[in-house]
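> Here is my input; please provide its structure:
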Amino acid sequence: MSGTILVDRELRACLGRDLVPAPGAPPIEDRQIQPASLDMRLGPRAHRMRAGFLPSTTPIEQRLAELSTIELDLTGEGAVLERGVVYLVPLEEALDLPADLSARFNPRSSTGRCDIFTRVLLPGHPRFDEAPPGYQGMAWLEISPLSFPVRLRRGDRLAQIRLQRENAAMSADELRALHSESPLCFVKGQPVPESELNFYEDGSIAMSLGLAGRQPCGWRATLFTDVVDFSAEAAHDRDDFWQEVHAKSGTCILEPGRFYIFASREEIRVPPQVAAEMLPVDPGLGELRNNYAGFFDNGFGWQEDESGTPIEGGTPAVLEVRAHDMPFLVEDGQIFFRLRFFRASGRPDALYGRKREGASYLSQDLTLARAFRSGS
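This is a model prediction of the structure:
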């Protein structure tokens with residue numbers, strides 16, 4: 001039987017059984033559940049670390065004793081995490097997975113758009129951002145703000161978990177059939193023909209950068225800003241933290257080490273029965289990277305009428321980009337990332353952006369994180 005990612009009603013059934021509160025943590029809440037993922041909450045304290053590390057045979061508590069320089073209290077008003085510093089925070093959710101369930105972790109959209117680097121560590125497991133079948137134990141989040149100092153509080157949700165049985169990735173043939181039945185990407189509202197798409201054997205499609213027709217075409221993080229209050233919606237004037245980027249003749253040059261927000265040329269549509277993940281661009285395609293592998297829950301970019309018939313069109317993907325060690329020119333239509341699709345166990349009870357708490361990025365286009373409002 002082909003593998004699948006669990007959807008919301010199955011995740012709800014996992015609460016208190018496969019996903020449990022960590023010691024001293026409040027119960028997991030229904031509002032944390034997304035169509036095919038669950039938001040994970042920060043615990044009550046953050047350790048300022050001299051360095052990050054990969055957990056394996058050495059207990060995390062021993063690494064904390066060796067590397068932690070100060071402990072910050074995240075309760076109440078929280079604490080400010082400094083730019084360019086590594087922190088380690090216990091998560092409020094622990095895992096008690098059965099032998100047929102594994103897990104993957106990824107940053108939430110707002111995390112990446114604030115240029116906060118995160119990855120999940122599991123005691124005794126020598127790889128980031130994954131839990132093997134049958135894993136039991138706590139989860140820790142490594143956090144490093146890269147562009148702005150950030151205020152975080154206990155309960156803030158920076159990462160997500162998704163659970164799956166076996167290998168849920170679609171094959172290239174499955175993906176072609178799905179695109180033929182229900183187009184997965186559009187340009188200017190028109191479906192992209194199969195002949196113009198690059199399908200990879202791992203169930204992914206090549207996607208490109210969209211600079212043309214956008215003014216500005218992107219945003220660049222400003223240096224030496226004030227503190228970003230991560231969980232406060234529209235708390236900051238955009239122009240205090242971001243500079244406009246414009247593409248002359250469809251190109252622009254990225255400065256080494258600077259962080260940029262762009263959008264894809266294609267509008268993406270994720271049907272209800274599948275989910276998707278953004279994979280970083282192949283290093284062989286240029287001296288840059290998409291820093292955060294984003295997860296697209298079922299129904300991202302999907303609109304349907306009252307009868308359930310899909311409406312043509314989709315939603316661009318927002319790209320979080322940093323150049324490496326040299327100035328690098330990017331151009332409109334350049335291959336920038338791949339979108340990999342996964343089978344879900346069924347249609348979720350609520351698709352992405354529907355019946356959920358707070359705003360979503362369902363209708364985004366070059367949209368910054370929720371903490372920023374349009375300039376005055």
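> where does the chain have low pLDDT?
Low-confidence segments of the chain, defined by pLDDT under 70, span residues 1, 281-293, 355-363, 375-376.
> Distance check, the most centrally placed residue in it against Leu223.
For the chain, the residue whose C-alpha lies nearest the mean C-alpha position (CA atoms, centre = their mean) is Gly294; its distance is 3.2 Å. For Gly294, the distance to Leu223 under the criterion CB to CB, to the nearest Å works out to 25 Å. No exception for glycine: its C-beta is placed from N, CA and C like everyone else's.
> List the beta-bridge partners for the residue nearest to the residue nearest to the centre of the chain when sequence neighbours are not counted.
When the adjacent residues along the chain are set aside, Gly294 lies closest to Met278, with 4.4 Å between them (CB to CB, 6 or more residues apart in numbering). Taking DSSP bridges, one obtains Leu339 as the residues bridged to Met278.
> List the residues that contact His97.
Careful, residue 97 is Leu; it's not His. Contacts for Leu97 were tallied using CB atoms under 8 Å, 6 or more residues apart in numbering; they are 18, 103, 131, 133-136, 163.
> Just the buried residues of the longest helix seen in the chain, please?
When secondary structure is assigned using DSSP state H, the longest helix within the chain turns out to be helix 172-181. If you call a residue buried by 16 or more other CB atoms under 10 Å, then helix 172-181 has these buried ones: 174-175, 178-179.
> Contacts for that helix, please.
Among residues not part of helix 172-181, those counted as contacts by CB under 8 Å, 6+ apart are 170, 184, 194, 197, 199-205, 271, 274, 341, 343.
> so which of those comes closest to Arg83?
Here the nearest of the contacts of helix 172-181 to Arg83, counting by CB to CB, is Ser204; it sits at 32.8 Å.
> What's the local residue count around that closest one?
Neighbourhood size, Ser204 [other CB atoms under 10 Å]: 22.
> repeat for the one 5 residues further on
Leu209: 26 surrounding residues under other CB under 10 Å.
> And Glu304, by the same measure?
By other CB under 10 Å, the residues close to Glu304 number 12.
> who's in contact with it?
310-311.
> how close does it get to Ser345?
Between Glu304 and Ser345 the computed distance is 20 Å (CB to CB).
> quick one on the thing from earlier: for the residue nearest to the centre of the chain, give me its contacts.
Contact partners of Gly294, counting by CB under 8 Å, 6+ apart, are 106-107, 109, 112, 277-278, 317-318, 320.
> same question, Ser307
So Ser307 contacts nothing (CB under 8 Å, 6+ apart).
> Could you tell me whether it really is in a strand?
No - remark: Ser307 does not belong to a strand; assigned using DSSP: H, G, I helix; E, B strand; the rest coil, it is coil.
> Distance-wise, check it relative to Ser37.
Here Ser307 is placed at a distance of 28 Å from Ser37 (CB to CB).
> Repeat that for Ala177.
Taking CB to CB as the criterion, Ala177 is separated from Ser37 by 25 Å.
> do Pro327 as well
When distance is defined by CB to CB, Pro327 is 36 Å away from Ser37.
> Arg322 too?
Distance, Arg322 to Ser37, using CB to CB: 25 Å.
> Look at those two and report which has more neighbours.
More neighbours surround Ser37 than the other of Arg322 and Ser37, with 28 against 19 (other CB under 10 Å).
> dump the residue contacts of the more buried one.
For Ser37, the contact set (CB under 8 Å, 6+ apart) comprises 11, 106, 160-162, 295, 297.
> just Arg154 next, same as before
41-44, 74-75, 78, 92.
> Among those residues, which one lies nearest to Ile33?
If you rank the contacts of Arg154 by distance to Ile33 using CB to CB, Arg41 comes first, at 12.6 Å.
> I'd assumed Val89 was in contact with that closest one.
No - here Arg41 does not reach Val89: they are 9.8 Å apart, not a contact under CB atoms under 8 Å.
> Strands of the stretch 1-150 of the chain, start to end?
With DSSP state E, counting those that start in this stretch, the ranges of strands along the stretch 1-150 of the chain come out as 4-5, 19-21, 38-41, 45-49, 68-73, 79-81, 86-90, 93-96, 102-107, 116-121, 130-131, 136-137, 140-145, 150-152.
> Nearest to Glu266 among these would be which one?
Taking CB to CB as the measure, the strands of the stretch 1-150 of the chain were each checked against Glu266, and strand 102-107 came out nearest at 20.6 Å.
> Contacts made by that closest one with the rest, please.
Strand 102-107 is contacted from outside by 37, 40, 95, 97, 116, 118-120, 129-133, 135, 139, 158-165, 277, 292-295, using CB under 8 Å, 6+ apart.
> Likewise for stretch 109-116?
By CB under 8 Å, 6+ apart, stretch 109-116 touches 107, 118, 143-148, 150, 158-159, 221, 228, 230, 259, 261, 291-292, 294, 318, 320, 361, 367-371.
> Pull the distance from it to the chain's centre.
Relative to its parent chain, stretch 109-116 has a centroid offset of 8 Å by CA atoms, centre = their mean, to the nearest Å.
> what's the answer for stretch 182-194, then?
Its chain's C-alpha centre and that of stretch 182-194 lie 23 Å apart, by CA atoms, centre = their mean.
> Just the buried positions in stretch 87-101, please.
Residues of stretch 87-101 classed as buried under the neighbour-count rule (16+ other CB under 10 Å) are 87-95, 97, 101.
> right, and Ala371 touches Val228 too?
Yes - taking contact to mean CB under 8 Å, the distance of 5.6 Å between Ala371 and Val228 places them in contact.
> Among the two, which residue is more densely surrounded?
Under the neighbour definition other CB under 10 Å, Ala371 and Val228 were set side by side, and Val228 has more, 27 against 22.
> ok, back up a step: using TSV, lay out the contacts of Arg154 together with distance to Tyr352.
What follows is these, written out as TSV (distance: CB to CB, whole Å):
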residue	distance to Tyr352
Arg41	20
Leu42	23
Gly43	27
Pro44	30
Leu74	28
Thr75	31
Gly78	28
Glu92	23
